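In: sequence first, then the predicted structure:
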Amino acid sequence: MEKVKKKLPIGIDGFEKIRTNDFYYIDKTMFIAELLENWGEVNLFTRPRRFGKTLNMSMLQCFFEIGTDKTLFDGLKITREKNLCEKYMGRFPVISISLKSADGLTFDMAGAALRNIIGREAMRFQFLLKSEHLSETEIDSYRRLIKIGTTSQAIYDMTDAVLTDSLQILSQLLCKHYGRKVILLIDEYDVPLDKAFQAGYYDEMVSLLRNIFGNALKTNSALYFAVLTGCLRISKESIFTGLNNLKVHTISDTRYDEYFGFTDTDIEEILNFYDLASYKEVIRDWYDGYLFGKVSVYCPWDVVNYCDALLSDKEAEPENYWANTSENDLVRRLLKKADQTTKNEIEQLINGGSIVKPIRQELTYRDIDESTDNIWSVLYSTGYLTQKDRLSGKLMRLALPNREVKELFIDLVNDWFQKMTMEDSARINRFCAAFPAGDPLTVQNMLHNYLWDSISVRDTAVRMSMKENFYHGMVLGLLRSQGSWLIQSNAETGEGYSDISICTPERTGIVIELKYANDGDLAAACAEALKQIEDRKYAVGLQHRGMKKIIKYGMAFCEKECMVVMG
């Protein structure tokens, strides 16, 4: 009898939805047992985006919350812990919020978003309006949490004072109603700070969150324990001032290292289930490489998306799924601040090497731009870099985790290079003018200077096509500064697709073919490029467009060396 295939949970991070709608689920429920064995009053887990933080928080809510559907855990590992399940499953009031959407262009807009998030969560507990365990005054305090607004930007019209005390008030009311202390779950706790820093109201947001978190986490007798998740470990001096009951678990810690992301065992399970075991090496190359504690981890978002693509097309190529969902501004900020030493370090990483850096895992957002070392620290915490070795003190040996992140860096370096070169219009105009003038030596010399200023790709593990695309993008970006030229990339000309073709207003046609010389023989690679132009008759297409003069260039690259030959 054929095995029934479960659906893959693309973009679904609700535990109940996954378990009740026959989606595939990698069992991470023993996270609950380890948390109960080692919990502190406030537990903070920092992991990169798309590594299962929200799903784990949803799982915690489904496990602990009074009235939960216990059948959601049927067949999962946690049910083997019978005494633990008897003592804790379905035994606690749970407050669960995500601050992922707590942002806005202004502080008032972000405050409105926070009111809506907390107000919606408070609305889940409308039974408090009729609770026999609460006084009328306490019920009135609940009404203030769910009051629908008419004048503010928020749906819920809490005053500033009510917002500041909101999580504490709600937990105290639930505690008194049930006679049980409350578990508080706060997902993506650092997102409001990130958005506030970018929009210019950082100090106001720090003050607001410090008060909300201080009331809910530090002076709250109704709290059993709290779990917070985020990407960064925000400095205690920022929003956790005076919070002495905080246990922090970063990607460097061995405890809980297997519960966020997919392990090798998880990968074997999912690939065998979907008959995709033959793709394990390509999945490892593209999406593995993160070291959490002592466990090698794959990005689950990537794996699930790529498996889904393979189920519809067995020839589907891997893609940059994680990179397309994450904030890449940190890499751009590093490139913008880069001196020659930093450029060389980025080049080392792209080419499969490693760098040694002091890593600070407790920062404020304001600290990030104070030094490039702080940017390296944040790139490590957010998944762009991974630990290879831990040296003395805070020193770590860092590398790019996998092919996906490497190709992201290459793309961002290309974008950075084009923006950087466009700032010197006189220089770039001299470079471009050499093409219709038939001056390959000037093109070669200036291109060599550009390469010296930029970052090259030489890693033998990078596909040849990726290397050629890197240099192709560099040359194309420079040429596109000429607004009056018709420039086409990989366009059909003659009997194939030339790398770059140009039509100038003076009716000069230019064909450029690029090669990467892995063996360093630039002359042979240039000859091969010119031969391809002739064999595939690339010039014919330009003649058909009315170009009176045709100039052919073969270009070859190897690391920071180049050669340009005119045919």
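Out: Right, received. Where do you want to start? Numbering: from 1, shown residues only.

In: I'd like the average pLDDT over stretch 290-309.
Out: Averaging pLDDT along stretch 290-309 gives 96.

In: mind listing what's buried along that stretch?
Out: Residues of stretch 290-309 classed as buried by neighbour count (16 or more other C-beta atoms under 10 Å): 290-293, 295-309. Heads up, the C-betas are built off the backbone N, CA and C, glycines and all.

In: same question, stretch 110-120
Out: Under the neighbour-count criterion of 16+ other C-beta under 10 Å, stretch 110-120 has 110-119 buried.

In: from these, which is closest to residue 429?
Out: residue 110 (45.0 Å; C-beta to C-beta).

In: which residues touch the closest residue to that closest one other than its chain neighbours?
Out: Counting by C-beta to C-beta, 6 or more residues apart in numbering, the nearest residue to residue 110 once its immediate chain neighbours are dropped is residue 104, at 4.0 Å. When contacts are counted by C-beta atoms under 8 Å, 6 or more residues apart in numbering, residue 104 is found next to 110-113, 195, 199.

In: now do the helices in the stretch 451-567 of the chain.
Out: Per DSSP state H, counting those that start in this stretch, the stretch 451-567 of the chain carries helices over the ranges 464-479, 522-535, 538-544.

In: wait, the stretch 101-250 of the chain
Out: 107-123, 136-146, 160-178, 191-199, 202-213.

In: which one of the ones you listed lies nearest to residue 411?
Out: Closest of the helices of the stretch 101-250 of the chain to residue 411 is helix 191-199, at 21.6 Å (criterion: C-beta to C-beta).

In: quick one: average pLDDT of that closest one?
Out: Across helix 191-199, the average pLDDT comes to 91.

In: check which residues of that helix are buried.
Out: Within helix 191-199, judged by 16+ other C-beta under 10 Å, the buried ones are 191-197, 199.

In: my guess is residue 19 contacts residue 68, does it?
Out: No: taking contacts as C-beta atoms under 8 Å, residue 19 lies outside contact range of residue 68: 11.3 Å.

In: okay, and the common contacts of the two?
Out: Jointly contacting residue 19 and residue 68 under the rule C-beta under 8 Å, 6+ apart are residue 62.

In: report the distance from stretch 532-544 to the chain centre.
Out: If you compare the mean C-alpha spot of stretch 532-544 with that of the full chain, they lie 43 Å apart, counting by C-alpha atoms, centre = their mean, to the nearest Å.

In: how about stretch 318-335?
Out: 6 Å.

In: likewise for stretch 74-82?
Out: The answer for stretch 74-82 is 32 Å, by C-alpha atoms, centre = their mean.

In: kindly report the same for stretch 397-408.
Out: Between the centre of stretch 397-408 and the centre of its host chain there is 12 Å, according to C-alpha atoms, centre = their mean.

In: how far does that stretch stretch from start to finish?
Out: Its first and final residues considered, stretch 397-408 spans 20 Å by C-alpha to C-alpha, to the nearest Å.

In: that stretch: which residues count as buried?
Out: Neighbour-count burial for stretch 397-408 [16+ other C-beta under 10 Å]: 398-408.

In: with distance to residue 86 and secondary structure as extra columns, can I get those residues in CSV?
Out: As requested, those are exported to CSV (distance: C-beta to C-beta, whole Å; DSSP: H, G, I helix; E, B strand; the rest coil):
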residue, distance to residue 86, secondary structure
398, 45, strand
399, 46, strand
400, 46, coil
401, 41, coil
402, 42, coil
403, 46, helix
404, 43, helix
405, 44, helix
406, 49, helix
407, 50, helix
408, 47, helix
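
In: what's the closest of the residues you listed to residue 356?
Out: Taking C-beta to C-beta as the measure, residue 356 sits nearest to residue 398 out of the buried residues of stretch 397-408, at 7.5 Å.

In: please work out how many residues are found near the residue nearest to the closest one when sequence neighbours are not counted.
Out: Excluding the flanking residues, the one nearest residue 398 by C-beta to C-beta, 6+ apart is residue 385, at 4.5 Å. Neighbourhood size, residue 385 [other C-beta atoms under 10 Å]: 25.

In: out of the buried residues of stretch 397-408, what pair is the most spread apart?
Out: Top of the distance list for the buried residues of stretch 397-408 (C-beta to C-beta): 398 and 407, 17.9 Å.

In: contact partners for residue 56?
Out: Residue 56 neighbours (C-beta under 8 Å, 6+ apart): 28, 31, 229, 259-260.

In: now for the residues you listed: which two are most distant?
Out: Counting by C-beta to C-beta, the most remote pair of the contacts of residue 56 is 28 and 229, 13.4 Å apart.

In: the residue lying closest to residue 477 once chain neighbours are set aside: how many residues sit nearby?
Out: Spatial nearest neighbour of residue 477, excluding adjacent residues (C-beta to C-beta, 6+ apart): residue 418 at 3.5 Å. Close neighbours of residue 418, defined as other C-beta under 10 Å, add up to 17.

In: the helix or strand where residue 450 lies - contacts with which helices or strands?
Out: For residue 450, the host element (DSSP states H and E) is helix 440-453. Contacts defined by 3 or more C-beta pairs under 8 Å, 6 or more residues apart in numbering; DSSP states H and E place helix 440-453 against helix 403-422, helix 425-433, helix 464-479, strand 549-558, strand 561-566.

In: let's test this: mean pLDDT of the longest one, rounded?
Out: Okay, so that is helix 403-422. 81.

In: give the contact list for the residue lying closest to residue 551 once chain neighbours are set aside.
Out: Counting by C-beta to C-beta, 6+ apart, residue 551 lies nearest to residue 510, which is 5.0 Å off, once chain neighbours are set aside. Neighbouring residues of residue 510 by C-beta under 8 Å, 6+ apart: 435-436, 500-502, 504, 542, 550-553.

In: swap in 7 Å and give it another go.
Out: By C-beta atoms under 7 Å, 6 or more residues apart in numbering, the contact set of residue 510 is 435-436, 502, 551, 553.

In: ok, and what's touching the helix or strand containing residue 32?
Out: Assigned by DSSP H and E, residue 32 belongs to helix 30-38. Contact partners of helix 30-38, identified using C-beta under 7 Å, 6+ apart, comprise 43, 56, 60, 63, 77-78, 81, 84, 88, 255-256, 259.

In: could you name the helices and strands sitting against whatever helix or strand comes next after it?
Out: Counting by DSSP H and E, the next helix or strand C-terminal to helix 30-38 is strand 42-46. Helices and strands touching strand 42-46, by 3 or more C-beta pairs under 7 Å, 6 or more residues apart in numbering; DSSP states H and E, are strand 223-230, strand 246-249.

In: only C-alpha atoms, please: export strand 42-46 in PDB.
Out: The C-alpha trace of strand 42-46 is given here as PDB (Å, rounded to 0.1, in the frame of the first residue of the first chain):
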ATOM      1  CA  VAL A  42      13.100  34.400  32.300                       C
ATOM      2  CA  ASN A  43      14.600  32.400  29.500                       C
ATOM      3  CA  LEU A  44      15.900  34.100  26.300                       C
ATOM      4  CA  PHE A  45      16.800  32.100  23.200                       C
ATOM      5  CA  THR A  46      18.600  33.900  20.400                       C
END
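
In: tilt between that strand and strand 223-230?
Out: Angle between the axes of strand 42-46 and strand 223-230 is 10 degrees (criterion: axes from the mean of the first three to the mean of the last three C-alpha atoms, to 10 degrees).
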